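**Q** Predicted model follows, preceded by the sequence.
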Amino acid sequence: MSESINTIAADAEELWQLPDKGQVGMACLIVAETAIFAIFVVAYIFYLGKSLSGPTPAEVLKLPIVGTVCLLSSSLTVHFAVAALEKGKARLSTLWLAATVMLGAIFLGGTAMEWHELIYRYGLTIQTNLFGTTFYSLVGLHATHVLAGLLMLTLVLIFGIKGKLNSSHAHRLDMLSYYWHFVDAVWVVVFIVVYVVGI
Amino acid sequence: MTETTAVLPYGDHSHGKLWLDTVASWITTVDHKRIGLLYIGYALVFLVIGGIEALVMRVQLSMPNNHFVTPAVFNRMFTMHGTTMVFFVGMPILFGFGNYLVPLMIGARDMAFPRLNAFSFWISAFGGLLLYFSFVGGDGLYGAGTAPDVGWFAYAPLTARIFSPGHSTDYWILGVFLSGIGSVGTALNLVVTILSLRCKGMTLGRMPLLAWIYLVTSWMVFIAIGPLTAAQIMLLLDRSLGSHFFDAQAGGSAVLWMHFFWIFGHPEVYILVLPAFGFANEIIPVFSRKAIFGYPAMVAATVGIGFISMGVWAHHMFTVGLGPAGNIFFVFATMIVSVPTGIKIFNWLATLWGGKIHFASPMLFSIGFLFQFLIAGLTGIMLSVAPFDWQLGNSYFVVAHFHYVLVGAILFMIFAAFYYWYPKMTGRMLSETLAKWHFWLFLIGFHLTFDLMHVPGVLGMPRRVYTYEADRNWGSWNMAVSIGAIIQTAGVLCFVWNMIRSYRKGKLAGADPWDAWTLEWKTSSPPPHYNFAEEPVVESRRPLWDLKHPNETDTEYE
Amino acid sequence: MSFAGILSTPTTFAIESWPMRFFHKIPFLSGGPTSIFSPQATPAHAIFGVSIFVLAITLTIFLVVAGLLAYTLVRFRHRGGDSATEPTQVYGSQQIEVLWTALPILIVLVLFLATARIINVTERARKPANALDVVVIGHQFWWEYRYPTLGIVTANELHIPASDPAAPTPTYLTMTSADVDHSFWVPKLAGKMDLIPNKVNVMWIDPSQPGLYLGQCAQYCGMAHARMLIRVYVDTPLQFAQWVANQKQLPANSASAAEGKKIFENTACINCHRVAGTAATGKFGPDLTHLASRDTIASGIVKNTPENLRMWIDDPESLKMGSMMPKMHLNEDELNAVTAYLTALK
């Protein structure tokens, strides 16, 4: 009986290919996170025009061009970082990672400045009206995810600076970059819903 | 005769070890089998607590104008009973079995991410403890230490700070939120394990149906838990930062909470029932001595249920005023989901047909499941007829219906799963005598309680009432329902005693006491911590059947 | 769909049909003041009709499937001697799968069409010109009823005129909530409809038999949810006219009640309650203008007697735990006076 199992094993060996753990896992996480974001987007759209008072989006929002360009470019830079690490070019990869972190930080800084103006110049807070409620929660949820991604990227950057990165880490960095791309894709949706359609 | 790997079972190298070392090893374990047992043990403790909460309610409701507990206490009881049973009994026990069984059934060494597995358990466990801490730590308008009393679905704006002052509602939000994180983590692990760690030869079409069930269930978790998490964040923001998501005064919508909650809530009940179907898919064939009838149809039905159940949520909102178009759409979607569900029942019937049915304890409970799930499904169809729901909704008819599913179908199958897999997990058989006492007591109690419970609903008794008027004719029905609860308790006590006693005194099980066909029966009972000495290689859906019947293997029928 | 034609549609059985009479005869199902199987108005009748249809279908399905199951368990049980051989393995059959997919889809289609029809009938019925309009506002834990066309405001006891099927005069209830979600459920008259803050729902009822119809709040709304009872008085046209006339009148000034009135108007009572024609214009609590004309107090939970009223004013928690009405801390004499004042508000 065990004989036949061994023969089968030999045949099955070549053909047995299963999906990569990291990719499947990250895909699952992205689906779950998408579900959360979708609900906040639905709430935002549902409450458009329903505020009983206070500033409207058209009155106070400005297109965050700089931040958006930075964030979307950071997807490119992190892609280059992964490609470089796959080829074993750890120093180059570290440089690209630094660029990614910097671009992400600029995005967050831009958000902070935008919120500062909204609060202190226009008096719009999460308590002000339905627009304030849905705006800060949606953009804030996204910013939190950017922050989490940035922390992870910074961790990898530190490893890179200390010279501890090599090509065997490329796959994990690739998985992290999937998360980062997801965060950027969410921003595209948020940008369109909040700053384009919702005005 | 199947091979067993001769290995020391768990804990045998504990001679001379401190008790503390054993506890530490359980706390720090990343072994899917131990984590599964932790989930199951945790769920059983909460099953008892949730059961006590139910008994308190049944005593209070056994006669009109009763004063066993105050309305404040009663309202906390139904809130905690529902929240506990769904999030801290149902989910953990089903994920516990999934954790234990799935890697074994697909010939894997462990789950894909063992540390994530442990993290998911501990964060869920913490969520439960946090929820129960509310009894001590929450404070409501009427005194210190109150558990949440807003119902397990916590409708807005009752949950707003102004209508629910103090922190009891916040405990509900946070406790359930944390358990949601744990659920997503475990679901992620299950999906990756099933897709990426199957042993050689086990294509998706050769996996045990239980693995398919957990695959679909886990995907549903990803899509359904998100809305709950989002809604809870919104509620938390409303209560703590003064936002207006569900604040009617600011133009917010109470109906929005209902939509978000039920977009989670309806798939959630399918998340709870699908694993029960998974157990049935494994147990019914073995005790009929026949392969499951229509494996591909069963897979298709499972996936179909997964999809359709995402689109039926507003049948919980037929009385909210969605308008005729909305009502009609959700009637249709809800009725359609009965088609794949019915297919499953028919396939189980066809599996039994022509077989040689053995009425051992796992099968007794499976038979109860079959009859009771049929009835539950039919009362569900009644409720899907929106005008009928306008009368029956939010009444004790609905309470009877969903307990018929949760207890009559799911809990019965969980009992069946215990009797079936306890030997694998502990190496010892449960006592069949005690099992029969458990079964008959629980069956009688269950039917006394939940068959009769439909009647007060028809007679106009709404849910969540701490008492009722004497002139409504509900009193004697409620009394009988309450007596049934006590009989069920007796049955469960037999079960608990059976598990405790059999741990040391049960007959030794061996690797394959039921003469079954899936991979978990190929290794010892309990399995060694690495599961299989050699990675299995399979050629069909029932690898052990092939080994036992080399002249008529399943491979010919694929 | 015209109003008068609703009862004659095929899926709503005529009142005299045999299933209706059969059900009416099962005491444990149709007895009791709030049974859904004892319909007394068109919406409840329509629902009853479709529910019998559904019950018939589901009962048939149950008998067939459960019967097959029971038969299978008996016929194919393992018998003592022959455990050595396994039965013939059957893996599936495409034809059978198609059959038991197609058949349920057909049943679903039939059920769906029957249901859709009743939804349209109830929710899209055209409102007759002489319908009575009542605005219902749910509160924790009482019901406010306003009659905009008649200029009446009252609480907890809803009076409506009986509707003659030949010339229907249904009552249209326009409903919302002042605080949390509630639900208006009087089973003999109609299905329930929720009262949601910031949302307006509409339902209608047309009972033809005068009488008292009971119900209660059916959406958990807080501590005293179980005590938020509903009483619908279906009056003959004469009774209704008399009731309306009485409600429109201002309360008479009675000498014995003067002292109580003074206390009432100088205490926090007027912050919550309204008595027409006086300084009391509060909106948070029930309108008390004609309190003494009601049979019950505290949304139907106790009879409206001076003793109960006095107890209620003295300590609302003792009658209704969770009530929003605070203890007024009146002394014995003040209590007697206020009670005398309120019992004079006929």
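**A** Structure's in. What do you need?

**Q** Okay, helices next: where are they in the stretch 51-200 of chain C?
**A** Counting by DSSP state H, counting those that start in this stretch, one finds helices in the stretch 51-200 of chain C at the ranges C:94-123.

**Q** show me where chain C has strands.
**A** C:132-139, C:142-147, C:152-155, C:157-161, C:171-177, C:182-185, C:193-195, C:201-205, C:211-217, C:229-235, C:296-297, C:302-303 (DSSP state E).

**Q** for these, which one sits closest to chain A?
**A** strand C:171-177 (16.4 Å; CB to the nearest CB). In short, each C-beta sits where N, CA and C put it, glycine included.

**Q** and that closest one, how far from the chain's centre?
**A** Chain-centre distance of strand C:171-177: 12 Å, with CA atoms, centre = their mean, to the nearest Å.

**Q** do the same with stretch C:306-314
**A** Taking CA atoms, centre = their mean, the mean C-alpha location of stretch C:306-314 is offset from the chain mean by 27 Å.

**Q** ok, now stretch C:31-49?
**A** Its chain's C-alpha centre and that of stretch C:31-49 lie 11 Å apart, by CA atoms, centre = their mean.

**Q** For that stretch, the averaged confidence score.
**A** On average, the pLDDT along stretch C:31-49 is 93.

**Q** Of all the residues in that stretch, which ones are buried?
**A** Judged by neighbour count (16 or more other CB atoms under 10 Å in any protein chain shown), stretch C:31-49 contains these buried residues: C:32-49.

**Q** now, which of those residues lie within helices?
**A** Residues of these located in helices (DSSP state H): C:42-49.

**Q** what's the closest of those residues to chain B?
**A** Of those, the one sitting nearest to chain B (CB to the nearest CB) turns out to be residue C:47, at 4.6 Å.

**Q** Distance check, residue B:333 against chain A.
**A** Distance of residue B:333 to chain A, given as CB to the nearest CB, to the nearest Å: 19 Å.

**Q** Quick check: closest non-adjacent residue to the residue in the stretch 101-250 of chain C that chain B sits nearest to.
**A** Chain B sits closest to residue C:191 of the stretch 101-250 of chain C, with a gap of 2.3 Å, by CB to the nearest CB. Leaving out its chain neighbours, the residue that sits closest to residue C:191 by CB to CB, 6 or more residues apart in numbering or on different chains is residue B:390, at 2.3 Å.

**Q** Isn't the one you found up against residue B:318?
**A** Yes. With contact defined as CB atoms under 8 Å, residue B:390 reaches residue B:318; the gap is 6.4 Å.

**Q** got the phi/psi numbers for residue A:89?
**A** The phi and psi torsions at residue A:89 (degrees, to the nearest 10) take the values phi -90, psi 80.

**Q** That one - how many residues pack around it?
**A** For residue A:89, the neighbour count with other CB atoms under 10 Å in any protein chain shown is 16.

**Q** Any figure for the gap between it and residue A:100?
**A** As judged by CB to CB, to the nearest Å, residue A:89 and residue A:100 stand 16 Å apart.

**Q** Quick check: which element contains residue B:349?
**A** helix B:338-352 (DSSP states H and E).

**Q** can you give me how far that helix is from the chain middle?
**A** Helix B:338-352 sits 20 Å away from the centroid of its parent chain (CA atoms, centre = their mean).

**Q** Check stretch C:258-278 too.
**A** Here stretch C:258-278 shows a centroid-to-chain-centroid distance of 31 Å under the convention CA atoms, centre = their mean.

**Q** now, of the strands of chain C, which is deepest in the fold?
**A** Here the criterion is mean neighbour count by mean count of other CB atoms under 10 Å in any protein chain shown, and of these the winner is strand C:182-185, at a mean of 28.
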